[in-house]
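# Any chance you can model this:
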Amino acid sequence: MFFTITSRDKTTKARAGIIRTDHGEIRTPAFMPVGTAGSVKAVSQQQLEQEVKASIILGNAYHLYLRPGLLVLEKSRGLHRFMNWKHPILTDSGGYQVFSLTNTRQLAEEGVWFRSHFDGSKHLFSPEKVVDIQRVIGSDIMMALDECTPYPCTYEYAKDSLALTHRWLERGWQHFLESKPLYGHDQVFFPIVQGSVYPDLRETSARTIASYDAEGYAIGGLSVGEPVEDMYNMVDLVCDILPECKPRYLMGVGTPVNILESIARGVDMFDCVMPTRNARNGMIFTHQGIINIKNLQWKEDFSPIDPLGPSLYSRTYTKAYLRHLILSKEILGAQIATIHNLSFYIWLINRAREKIVQGEFGEWKMEIIEKIGKRLAQA
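Numbers count the residues shown, from 1 in each chain. Prediction:
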């Protein structure tokens with residue numbers, strides 16, 4: 001994998017670049033639709049490619065390990081062929097999912113024991129095993145096993161958790177170096193910065209992570225309930241420490257406003273379930289602001305979902321029709337809303353890239369945040 005910074009904004013730390021992988025290029029800043037179990041809910045791979053125009057998607061090691069399982073994935077020669085996706089894939093190590101199973105998991109030096117949420121069977125994710133799992137999945141970008149600390153947590157808890165994450169990283173990194181890709185394409189391994197909202201812990205973690213000669217670095221443990229200013233402060237701090245010449249991936253963030261503010265602080269890659277999950281529940285992101293399509297005010301609104309939307313779905317279907325579909329729980333409603341939201345996210349991040357190239361990102365960000373961050377009422 002190769003990363004090249006092609007442009008920098010004049011007034012912020014935003015930068016535009018290109019990540020080159022064996023499955024194609026990723027122009028940064030980049031947003032990754034979340035395809036947890038090998039599928040972005042309600043959207044086909046063809047729609048992702050042609051309508052949404054996604055250049056990379058995210059899969060999850062925890063879910064794919066449990067179902068369809070490693071045997072199926074290995075026989076299909078990896079997730080790319082299994083799901084018929086020709087572009088890059090990043091996989092989360094599964095740590096976040098495991099640690100969210102508070103009542104059915106147990107942390108140990110060797111890794112984390114957990115019980116499947118499908119059948120209750122017991123499993124161990126060690127730093128080495130999650131590397132092996134991601135080798136079988138065949139993702140272009142693999143993540144290290146870490147503990148995502150809850151918010152709030154005490155300083156002592158965060159400190160002990162961080163030390164464990166760093167010990168796991170050393171083992172995972174060594175195993176990554178000693179193992180090989182299975183399907184003939186290159187794979188890279190991203191360490192993850194943790195440390196909750198404690199600046200000294202975040203600084204320690206960022207410096208530790210930066211000491212590894214990885215192809216990129218991730219920032220985890222944010223957007224888990226902390227005040228948004230704490231998140232921005234931690235991102236600011238960490239981006240000032242991580243190597244300038246490598247991509248930075250902020251995990252699980254977030255709203256369109258969160259993404260733009262984080263781009264301004266030097267982040268290159270994002271993923272979040274918000275555009276897909278919220279779409280299925282009727283929250284629609286538009287150029288004019290945020291719509292709750294279930295509200296009565298849209299019942300007889302026959303204007304397009306988003307007249308300026310980048311997707312044909314956005315400009316073809318009306319708010320009234322989408323409201324009807326969502327309230328009726330029609331599958332088409334979830335599909336239209338999801339394609340619209342994902343298209344909006346990727347349009348927004350591509351527009352941010354254009355403004356960085358033009359050196360106008362800082363001013364543009366302030367203007368557009370006022371529009372897209374507000375709740376939209378019918379005129």
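# And Leu222, how close does it get to Pro33?
As defined by C-beta to C-beta, to the nearest Å, Leu222 lies at a distance of 20 Å from Pro33. Backbone N, C-alpha and C define where each C-beta goes, glycine included.
# who has more neighbours, those two?
Remark: of Leu222 and Pro33, Leu222 carries more neighbours, 29 against 23, as counted by other C-beta atoms under 10 Å.
# Kindly give the local confidence score, pLDDT, for the more buried one.
What the model reports for Leu222 is a pLDDT of 96.
# can you check the one 10 residues further on too?
Here, the pLDDT recorded for Tyr232 equals 98.
# Could I get the contacting residues of it?
Residues near Tyr232 by C-beta atoms under 8 Å, 6 or more residues apart in numbering: 261-262, 265.
# out of the residues you listed, who's nearest Cys148?
Distance to Cys148 across these (C-beta to C-beta) is lowest for Ser262, with 17.5 Å.
# most distant residue from the middle of the protein?
Among the C-alpha atoms of the chain, the one farthest from their average position, using C-alpha atoms, centre = their mean, is that of Glu300, at 35.4 Å.
# what's the burial count for the residue lying closest to it once chain neighbours are set aside?
Counting by C-beta to C-beta, 6 or more residues apart in numbering, Ala320 is the residue found nearest to Glu300 once chain neighbours are left out, at 5.8 Å. Neighbourhood size, Ala320 [other C-beta under 10 Å]: 16.
# rewinding a little: just the ones of the contacts of Tyr232 in helices?
Judged by DSSP state H, the subset of these located in helices is 261-262.
# does Ile339 really touch Pro310, like I thought?
No - taking C-beta atoms under 8 Å as the definition, Ile339 is not a contact partner of Pro310, at 10.3 Å.
# how does the protein divide into domains?
The chain breaks down into these domains under automatic domain parsing: 2-266, 279-372.
# Distance from the first one to the middle of the chain?
In other words, domain 2-266. 8 Å (C-alpha atoms, centre = their mean, to the nearest Å).
# Same check on the last one?
Taking C-alpha atoms, centre = their mean, one finds the center of domain 279-372 at 19 Å from the center of the full chain.
# Checking Ile369 next. Helix, strand or coil?
helix (DSSP: H, G, I helix; E, B strand; the rest coil).
# May I ask which helix or strand encompasses the nearest residue in space to it that is not next to it in sequence?
Excluding the flanking residues, the one nearest Ile369 by C-beta to C-beta, 6+ apart is Val257, at 5.4 Å. For Val257, the host element (DSSP states H and E) is helix 256-263.
# In this structure, where is pLDDT below threshold?
Low-confidence segments of the chain, defined by pLDDT under 70, span residues 378-379.
# Point to the residue nearest the middle of it.
Asp271 (1.6 Å).
# quick one: that residue and Arg265, what's the gap?
Taking C-beta to C-beta, one finds Asp271 at 17 Å from Arg265.
# hang on, Arg171 packs against Pro127?
Yes - the criterion here is C-beta under 8 Å, and Arg171 meets it with Pro127 at 4.2 Å.
# Those two: who's more crowded?
A direct count of neighbours by other C-beta under 10 Å for Arg171 and Pro127 places Pro127 higher, at 25 against 18.
# Would you check that the more buried one makes contact with Phe176?
No - counting by C-beta under 8 Å, Pro127 does not reach Phe176; the two are 9.3 Å apart.
# now for stretch 319-337, what's the gap between its first and last residues?
10 Å (C-alpha to C-alpha, to the nearest Å).
# Equivalent analysis for stretch 89-99, please.
Termini of stretch 89-99 sit 23 Å apart (C-alpha to C-alpha).
# One more: stretch 138-145?
17 Å.
# ok, now stretch 220-235?
First-to-last residue span, stretch 220-235, C-alpha to C-alpha: 10 Å.
# Please save the CA atoms from stretch 35-51 in PDB.
Extracted as PDB, the C-alpha positions of stretch 35-51 are listed here (Å, rounded to 0.1, in the frame of the first residue of the first chain):
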ATOM      1  CA  GLY A  35     -20.700  -3.800   5.500                       C
ATOM      2  CA  THR A  36     -20.400  -5.600   8.800                       C
ATOM      3  CA  ALA A  37     -21.200  -9.100   7.600                       C
ATOM      4  CA  GLY A  38     -20.100  -8.800   4.000                       C
ATOM      5  CA  SER A  39     -23.100  -6.600   3.000                       C
ATOM      6  CA  VAL A  40     -24.000  -2.900   3.400                       C
ATOM      7  CA  LYS A  41     -27.600  -3.300   4.600                       C
ATOM      8  CA  ALA A  42     -30.200  -2.600   1.900                       C
ATOM      9  CA  VAL A  43     -27.700  -1.900  -0.800                       C
ATOM     10  CA  SER A  44     -26.200  -4.200  -3.500                       C
ATOM     11  CA  GLN A  45     -22.500  -4.100  -4.400                       C
ATOM     12  CA  GLN A  46     -23.500  -2.800  -7.900                       C
ATOM     13  CA  GLN A  47     -25.400   0.100  -6.300                       C
ATOM     14  CA  LEU A  48     -22.500   0.800  -4.000                       C
ATOM     15  CA  GLU A  49     -20.200   1.100  -7.000                       C
ATOM     16  CA  GLN A  50     -22.400   2.800  -9.500                       C
ATOM     17  CA  GLU A  51     -24.800   4.900  -7.500                       C
END
